[in-house]
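Chemist: Model the structure of this input:
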Amino acid sequence: MKKLMLSLAIAASLVGSSSYAQQVIRIGTLADYAPFEYKDASGKLKGMEIEIGQKMCASMKVTCQWVTMDFDALIPALKSKQIDAAMAQMSKTPEREKSVDFTRIFTTAPVQLVTKKGAGINQNPATLRGKTIGVQTASTHESYLRMRLPTSKSSIDVKVYQTMDAAWLDLESGRIDAVFADNTLAYDWLSKTGFKEGFDFAGKPIEDAEIFGAGTAIAVRKGDEKLKAQFDQAIVKVHSDGTFSTVNKQYFPFSILPK
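Modeler: A predicted model of the protein is given here:
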């Protein structure tokens, strides 16, 4: 009888402890999108989005596993259930909402051209005729150039890169004339390398709500309302309690907090 009672007690203990096991959320992200996501010399994943994401996971009382991959693999991985969410400065656009659901807006990310000072390039398409513009593959920046300024009509050549690091290297070496990217990402490169090499933002930010959306958000699988709600609550918390602004100041001299 004592053995039976002991066995039942152990079983109850195991059941009780398992009920406290934290939910595990696999978050797809990048490893080459500084300052939001990157790996340091030791291979540790770091960056503004990773830092805030960890604080959000703590507030959600979940264990987050970061899974790095190429940007164009994120939505397919989400749909095939290899990951549960994607947090990689992904713009919330009508086109992407056909495939995935998004949380509330997490950051704002104006888009802008970067080129050599004195190149005569600005946001006017006429200044880009005969030029080669670099963009990241599967990005809204590529979509904008393909849809709004197709080569056949604009005489603008588009060169697509798997990583932004490769695009910046080609810009620096003169193999392309400009890079089209979020000005947050561009500022990181300019502040570290570009400004001292004679590069700068070209013209004004380009607005197109249909393609660029209202900002970036976290993507989840279609119909996953529970996880979406969890992230929405965590986003509200880091936005309202000062966490986001504090981390923001460590990376940019301007705010990317949604208004």
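Chemist: just the strands in the stretch 151-259 of the chain please.
Modeler: 157-161, 178-182, 199-206, 216-220 (DSSP state E, counting those that start in this stretch).
Chemist: tilt between the longest one and strand 178-182?
Modeler: This means strand 199-206. 60 degrees (axes from the mean of the first three to the mean of the last three CA atoms, to 10 degrees).
Chemist: Could you list the buried residues of strand 199-206?
Modeler: Phe199, Asp200, Phe201, Ala202, Ile206 (16 or more other CB atoms under 10 Å). C-beta: built from backbone N, CA, C; applies to glycine.
Chemist: I'd like to know how far the third one sits from Leu128.
Modeler: I take that to be Phe201. 15 Å (CB to CB, to the nearest Å).
Chemist: One more: the second one?
Modeler: Taking CB to CB as the criterion, Asp200 is separated from Leu128 by 16 Å.
Chemist: now the helices: where do they sit in the chain?
Modeler: 2-18, 48-60, 74-79, 140-148, 151-154, 164-173, 183-189, 209-212, 225-240, 243-251 (DSSP state H).
Chemist: which residues sit against the last one?
Modeler: Residues outside helix 243-251 that contact it (CB atoms under 8 Å, 6 or more residues apart in numbering) are Pro35, Met48, Glu51, Ile52, Lys55, Asp188, Lys237, Val238, Ser255, Ile256, Leu257.
Chemist: is it true that the fifth one touches Val238?
Modeler: Which is Lys55. Yes: with contact defined as CB atoms under 8 Å, Lys55 and Val238 form a contacting pair (6.0 Å).
Chemist: Among the two, which residue is more densely surrounded?
Modeler: Val238 (20 against 17; other CB atoms under 10 Å).
Chemist: Enumerate every residue touching the more buried one.
Modeler: Applying CB under 8 Å, 6+ apart, we find Val238 in contact with Ile52, Lys55, Met56, Ser59, Phe244.
Chemist: Give me the pLDDT for the last one.
Modeler: The model reports Phe244 with a pLDDT of 98.
Chemist: Distance check, it against Lys237.
Modeler: Phe244 sits 9 Å away from Lys237, going by CB to CB.
Chemist: Mind listing the shared neighbours of these two?
Modeler: When contacts are counted by CB under 8 Å, 6+ apart, the set common to Phe244 and Lys237 is empty.
Chemist: For Ser91, which non-adjacent residue is closest in space?
Modeler: Gly213 (4.3 Å; CB to CB, 6 or more residues apart in numbering).
Chemist: Would you check how far apart that neighbour and Gln136 are?
Modeler: Taking CB to CB, one finds Gly213 at 16 Å from Gln136.
Chemist: now do Pro205
Modeler: 17 Å.
Chemist: Likewise for Arg148?
Modeler: Arg148 is 17 Å from Gln136, by CB to CB.
Chemist: who's more crowded, these two?
Modeler: Per other CB under 10 Å, whichever of Arg148 and Gln136 has more neighbours is Gln136, with 26 against 14.
Chemist: Against Arg146, how distant is the more buried one?
Modeler: Counting by CB to CB, the gap from Gln136 to Arg146 is 13 Å.
Chemist: Please apply the same query to Trp168.
Modeler: 21 Å.
Chemist: More neighbours: these two, which one.
Modeler: Trp168 (25 against 14).
Chemist: what's near enough to touch that one?
Modeler: With CB under 8 Å, 6+ apart, Trp168 has these contacts: Val179, Trp189, Thr193, Gly194.
Chemist: Give the buried subset of these as a PyMOL selection command.
Modeler: Here is the PyMOL command that picks out the buried ones among those, judged by 16+ other CB under 10 Å:
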select buried, resi 179+189+194
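Chemist: Gly121 contacts Thr115, correct?
Modeler: To be clear, residue 121 is Ile; Gly isn't right here. Yes: using CB under 8 Å, Ile121 makes contact with Thr115 at a distance of 4.6 Å.
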